Structures are given as C-alpha cells and as structure tokens.
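In: the sequence isn't on hand, but the structure is:
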C-alpha cells in the first residue's frame, strides 16, 4: 500500500535556532485515521504545518500522494459570508465550476446536518456549528488527506463528543486519510486507527498505539473497560515522558 | 424585564447628551449676557456673541444666499478632498500591507505629513499650486488622509493567521487574497477611518478657505468676511453650518458602514 503522506527523517529548526521537531518518520495510509498526542510545545502543530506545505522542513523530505485539506484550530470562517458561501470558499479558490460548487455544497450541507443553517452567518452560529461549517468546507473538496489541528479544543465536552462521533461516521463514508492533532487522549482513541505519542521538544514520535475498535464506533465505546484500559496506557506513557 | 432594560438603555442614551446640550446652551447664554458691550446701544443687536434665540435674526435674503452658496462650495471641496483621500489612503494602506519594507519606507513620511502644521506649507503651496480650489482640496487631503491609511493598514494586518494560511494553501494570488479576504476583513476598520476622515475633511475645507482665498468663497472665507464686518449672528450661523456639514458626513459614513458591514460586524454603530 502506498502511503498518502510520508515523513522521512523530517526535522525543523526555527530561525531563532530552536529545534522544534526532531527527526521524525511517519506514514499515513489511505483511509487511515492517525492521531498525534504530546505535551504542549512539542512540535505537533509544526509537524502538521510541514505536512500541509505551509512550512518547509529544515531537513528530511515529505511525500504527499494526494490532495489535502487543513482544518484549523479556529473555525476560520469568513464572517461576512453565510454558511453556504463559507463552505463554497475552498472550491471557489480552486476555480471549480459554479454548478459543481452548488451540487457539492448541497451534498455536504446534508452530510454535516447543516441544511437549516445554510443562510446563517458565523456570528449566528454556536461554536460547534462553526466547527461543523469549517469541517464541511474541507469535506466539500473531497481530499485524500485531512489535516486536523486541534479542531475541537475550544468546544465544550458535549459538543466535542458529538462532533467526534459525527466526524468518525462521515470519514468512514468517504474513505479519506486523516492526521489529527489533539491534547485529548480519549478523543484520539475514539477517533483513531493509530495513536502516536510525541516526546517533549524537540518532538519526535516515541510510541505508537494501534486502536483495535474497528471502523464503526458508537458513543458507548467511551464507557467500555477496553477503551479505559487503552486511554490509561497512553496516559501512562504521556506521564512518563513529562517527568 | 426586556421592556425595562430597553427603557433604561434609551434613558442612558438620551439623558447624557441632553444634559450636556442643556449645559452648553446655558453656558452660551451666560457668556452672551455677561460680556461687556455685547449688545449695540443703538440697535440692541448682538455684536460679539448672539444668544441662541437671536442666532437666526439675520438669516434671510443675501446673508442666507451667501451662506448656502458657501456651504455648497465647502461641501464640494470637502467631498472632493475626501474622495481623493479615500482612494489614495486605501491604496497606500494596501501598498504598505504588502511588505514590511514598504510600510517602513512610507510610514515616517505619512507621520511627518500628519504632524506638519498646514500654515507652515502655505507659502510653498501658493507658489506651486496657487491660492485656489485645488490648493484647498490639497489641504483637505493632507488633513484627512491619515486615518484612512492607518485604518486600512491596521485592518489588513488584523486578518487572523488561520485565514491567511487557508488562502496560502490554495496558492491564491495577492490580488485574490486582497479582494476575497483582506479588503472585506478590513472594511469595518476602513469605515471607522472614513468616518474620522469625513469630519477632518470638513475641517480641511474650512482651514483651506482661510489660507487660499482665490475663487468662490467657502464657509471659511465667509466666516472671515462676517467677522471683519461685525456680523456676529451670520458668523455663528456659518460656523453652525460648518459643524452640521461635518456631522452629516460623519453620520452618512456611519450609515453606509451599517449597510455594508452591519450585518456581520458587531461594532458597527452610528
């Protein structure tokens, strides 16, 4: 299987000589959901920016085999555009035909259950709905890879769990690969096929956990002993690297 | 509860301005009736400060026609200057936002222009342009351009990093980023600058009148004329119309601001 995204000995040093990312190797396979957890400032976001092409690595190489979409920590919606036009933005920027844009936006609005809010502007939306719109804006491009930079970190626990479930269901239908940065171990375990743990700065991947819960996951999974055991093991690794 | 809150809000927005207005009118009366020799012993006409209720005594015939003509001329000067300031100011703001070195190159000169007293460059302008309408427009531009440049620059630089990254990921041209992201995002700040500049443009038009006296007289020249002829009532009315012109432009841009960005930007108020 050819990975859709591959890091080969990638490291990054900021202009002030801070080594943000140590030598990192990772592979993201088609349809796979991989989460990265690690302490604050360990280089998770740097890794994601390098993956997207927003940042050039100081050394090593990144191989991308497919189109990608970035979902930011903030919803990054244009406040003067309504939900429909915000979702259409990425396609407009890629010069996609107007009829095709309308068709795809209608489909995605349905996919993220936002049909009733299509004409609302961002200030009329809750935090969860803004994030849902942001997600829809990426989904509408039908990319091969999603890069998520802590997209749900600003949401309350209830909205976060609901969006986690919806995201998992949506991605299962479209078979895209995802690289997901989060601070929440339970979020990482619920969403992922693999969870990678990063060391403190200069960050590199120190441990990999394979999540054995299959592709269809319901909310009850969070309350099973297996789930608790796995999150406990990752948390234990997490604590040991912070000592 | 909502009803009570609305009444309270209305009271707060009405009581303060009304109280200040009453205090202002009271002070005006106090000055008018406490000044020595304020009223002509022969005709009883006010000579220095007319009390408010006698302000419009001479507002008829030639005086009224002259004030309205001057008002039209000053309005033309202010609007022409403001239009040039808007186009030039937004252009400079956009230009300075393109690169740090451009911003650093232009910024000191704009500050210098902003702090230079107009009177210091009057002789130069008379030599270069003449003491005419064009010179008055140039003064208006010099006085009113700064808030538009600084607010355009501030607005564009305030675009969040995430949105800039989003456009970068699509390899957008500078023009696309400007039209689809930077200018719409900066528009509330630009409108704030426009409102400030609208008031300054009226000041520029009146100040220009004092220094450049060739051509049809605007409100500034008319104030000088009424002053030199001891016509205090018409002089005050002319000043009042100058204030009203500034206020109309300020409120006009506030209205345009509300129409254009009021739906999505919460700080847009009149």
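Out: Arrived safely. Here the structure is a predicted model, which means the values were calculated and not measured.
In: where's residue B:19, which helix or strand?
Out: Using DSSP states H and E, residue B:19 sits in helix B:2-34.
In: my read is residue A:66 is in a helix, agree?
Out: No - counting by DSSP: H, G, I helix; E, B strand; the rest coil, one finds residue A:66 to be coil, located in no helix.
In: ok, it - contacts?
Out: A:4, A:5, A:30, A:143, A:144, A:145, A:177 (CB atoms under 8 Å, 6 or more residues apart in numbering or on different chains). For glycine as for every other residue, the C-beta is placed from the backbone atoms N, C-alpha and C.
In: for those residues, which one is nearest chain B?
Out: For chain B, the closest of those turns out to be residue A:143, at 10.7 Å, with distances computed as CB to the nearest CB.
In: if we can go back for a sec, just the contacts of residue A:66: which are in strands?
Out: Helix and strand membership here follows DSSP state E; of those, those in strands are A:5, A:145, A:177.
In: what's the burial count for the second one?
Out: The one in question is residue A:145. Other residues near residue A:145 come to 23 when the count uses other CB atoms under 10 Å in any protein chain shown.
In: for stretch B:116-131, buried residues please.
Out: By 16 or more other CB atoms under 10 Å in any protein chain shown, the buried positions in stretch B:116-131 come out as B:118, B:121, B:122, B:125, B:131.
In: got those as a markdown table, with secondary structure columns?
Out: Below are the buried residues of stretch B:116-131 laid out as a markdown table (three-state DSSP):
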| residue | secondary structure |
| --- | --- |
| B:118 | helix |
| B:121 | helix |
| B:122 | helix |
| B:125 | helix |
| B:131 | coil |
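In: nearest to chain A, of the residues you listed?
Out: The closest of the buried residues of stretch B:116-131, once distances to chain A are taken by CB to the nearest CB, is residue B:118, at 38.0 Å.
In: surely the closest one is in contact with residue B:211?
Out: Yes - using CB atoms under 8 Å, residue B:118 makes contact with residue B:211 at a distance of 7.0 Å.
In: tell me, what's touching these two both at once?
Out: Listed contacts common to residue B:118 and residue B:211 are residue B:139; contacts here mean CB under 8 Å, 6+ apart.
In: average model confidence for the helix or strand encompassing residue B:90?
Out: Assignment of secondary structure by DSSP H and E places residue B:90 within helix B:61-98. Averaging the model's pLDDT scores along helix B:61-98 yields 95.
In: low-scoring pLDDT stretches of chain A, where are they?
Out: Within chain A, the stretches falling below the threshold (pLDDT under 70) are A:243.
In: hang on, the earlier thing: average pLDDT for the helix holding residue B:19?
Out: Confidence over helix B:2-34, taken as the mean pLDDT, stands at 88.
In: report the distance from it to the chain centre.
Out: Going by CA atoms, centre = their mean, to the nearest Å, the spacing between the C-alpha centre of helix B:2-34 and its chain's C-alpha centre is 24 Å.
In: how close does residue B:91 sit to residue B:148?
Out: 10 Å (CB to CB, to the nearest Å).
In: higher neighbour count, the two?
Out: Neighbour count, other CB under 10 Å: between residue B:91 and residue B:148, residue B:148 has more, with 28 against 13.
In: that one and residue B:197 touch, don't they?
Out: Yes - with the criterion set as CB under 8 Å, residue B:148 and residue B:197 qualify as a contacting pair; they are 5.2 Å apart.
In: any shared contact partners between those two?
Out: Common contact partners of residue B:148 and residue B:197 (CB under 8 Å, 6+ apart): B:85, B:86, B:89.
In: dump the residue contacts of the second one.
Out: Remark: with contacts taken as CB under 8 Å, 6+ apart, residue B:86 is in contact with B:148, B:194, B:197.
In: and of the residues you listed, the nearest to chain A?
Out: residue B:194 (17.5 Å).
In: around that closest one, how many other residues sit close by?
Out: Around residue B:194 there are 28 other residues, counting by other CB under 10 Å.
In: which non-adjacent residue is nearest it?
Out: residue B:253 (4.9 Å; CB to CB, 6 or more residues apart in numbering or on different chains).
In: that neighbour in helix, strand or coil?
Out: helix.
In: count of residues packed around residue 44?
Out: This is for chain A. By the measure other CB under 10 Å, the count of residues near residue A:44 is 23.
In: not quite, go with chain B.
Out: 8.
In: domain parsing for the chain?
Out: Just so you know, I chose chain A. A:5-67+A:145-242, A:78-142 (automatic domain parsing).
In: my bad, the chain I had in mind was chain B
Out: Annotated domains of chain B cover B:1-36, B:60-261 [automatic domain parsing].
In: nearest to residue A:100, of those domains?
Out: Between residue A:100 and the domains of chain B, the tightest spacing by CB to CB is seen for domain B:60-261, at 16.3 Å.
In: before we move on, the earlier item: which one of the shared contacts of residue B:148 and residue B:197 is nearest chain A?
Out: Checking these against chain A with CB to the nearest CB, the nearest one is residue B:86 at 20.2 Å.
In: contact residues of the stretch 101-250 of chain B facing chain A?
Out: B:160, B:162-163, B:165-170, B:172, B:176, B:180-181, B:184-185 (CB under 8 Å from any CB of the partner chain).
In: helix or strand: which one has the residue nearest the centre of chain A?
Out: Note on chain A: the residue nearest the mean C-alpha position is residue A:148, at 2.1 Å, using CA atoms, centre = their mean. In the assignment (DSSP H and E), residue A:148 maps to strand A:145-149.
In: what lies in contact with that strand?
Out: Contacts with strand A:145-149, where a contact means CB under 8 Å, 6+ apart, come from A:4-5, A:28, A:45, A:48, A:51-52, A:64, A:66-73, A:138, A:171, A:176-182.
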